[in-house]
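A.B. asks: take a look and give me a structure for this.
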Amino acid sequence: MVQCYVSVGSNIDKATNINAGLCSLRDAFGELNVSPIYETAAIGFDGDDFYNLVVGFESNLPAFDVAQQLRELEFFHGRFPNSQKFSPRSLDLDLLLYGDAIINDENLKLPRVDIENYIFVLQPLADLAPNLNHPIQQKTYRKMLELLLEKSPEQTIRLLNLT
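C.D. replies: Model (predicted):
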């Protein structure tokens, strides 16, 4: 079994789509480790704020199959196959890590570069796996978060309490 981490986001009917997405992820992959949920402004386009989190689970599927299953779940939850990168999302599921795999294929790049660039990805990942080392950077996600916060103080997220 390989430990996988997936970013989860939505800015359309956020609470409903995040909850539905988590149910679908549990159905597909079993037990999930779930980070806190954060709210973040849309990046790259004008739109409603996003809810973002990261989930972890173990899988015995190959990385490409996990990524394909995530894409199918996005479609099931209303994402259009030809949707643009910076646009509203009912559900956005991105494979961040597949164990320590380093994959540089035109259809899949791991570890996902978003980890290094966006607080809304790195903060919930660091919540789940603060002492895990990035396969390329060889820094813990806690340390990477500290460095990104110093480098990009304009990136802000807000921890949500949805209980």
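A.B. asks: drop to CA atoms for contacts and neighbour counts, all remaining ones
C.D. replies: Noted.
A.B. asks: for residue 3, what are its contacts?
C.D. replies: 56-59, 97-99 (C-alpha atoms under 8 Å, 6 or more residues apart in numbering).
A.B. asks: ok, 10 Å please
C.D. replies: 56-60, 97-100 (C-alpha atoms under 10 Å, 6 or more residues apart in numbering).
A.B. asks: for this protein, what spans make up the helices?
C.D. replies: For the chain, the helices defined by DSSP state H cover 14-29, 63-76, 114-117, 119-128, 141-151.
A.B. asks: right, and the ones you listed - which one's nearest residue 4?
C.D. replies: Checking those against residue 4 by C-alpha to C-alpha gives helix 63-76 as the closest, at 8.7 Å.
A.B. asks: how far off helix 14-29 does the closest one point, in degrees?
C.D. replies: 140 degrees (axes from the mean of the first three to the mean of the last three C-alpha atoms, to 10 degrees).
A.B. asks: helix 63-76 packs against which elements?
C.D. replies: Secondary-structure packing of helix 63-76 (3 or more C-alpha pairs under 10 Å, 6 or more residues apart in numbering; DSSP states H and E): strand 2-10, helix 14-29, strand 92-98.
A.B. asks: got the angle between it and strand 2-10?
C.D. replies: Angle between the axes of helix 63-76 and strand 2-10 is 20 degrees (criterion: the same axes, to 10 degrees).
A.B. asks: put the alpha carbons of helix 63-76 into PDB.
C.D. replies: Output in PDB follows, covering the C-alpha atoms of helix 63-76 (Å, rounded to 0.1, in the frame of the first residue of the first chain):
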ATOM      1  CA  ALA A  63      -0.400   6.400  -9.400                       C
ATOM      2  CA  PHE A  64      -2.000   6.900 -12.800                       C
ATOM      3  CA  ASP A  65      -5.000   4.900 -11.800                       C
ATOM      4  CA  VAL A  66      -5.500   7.000  -8.600                       C
ATOM      5  CA  ALA A  67      -5.200  10.200 -10.700                       C
ATOM      6  CA  GLN A  68      -7.700   8.800 -13.200                       C
ATOM      7  CA  GLN A  69     -10.200   7.900 -10.500                       C
ATOM      8  CA  LEU A  70      -9.900  11.400  -9.000                       C
ATOM      9  CA  ARG A  71     -10.600  12.900 -12.400                       C
ATOM     10  CA  GLU A  72     -13.700  10.700 -12.800                       C
ATOM     11  CA  LEU A  73     -14.900  11.800  -9.300                       C
ATOM     12  CA  GLU A  74     -14.500  15.400 -10.400                       C
ATOM     13  CA  PHE A  75     -16.700  14.700 -13.500                       C
ATOM     14  CA  PHE A  76     -19.300  12.900 -11.400                       C
END
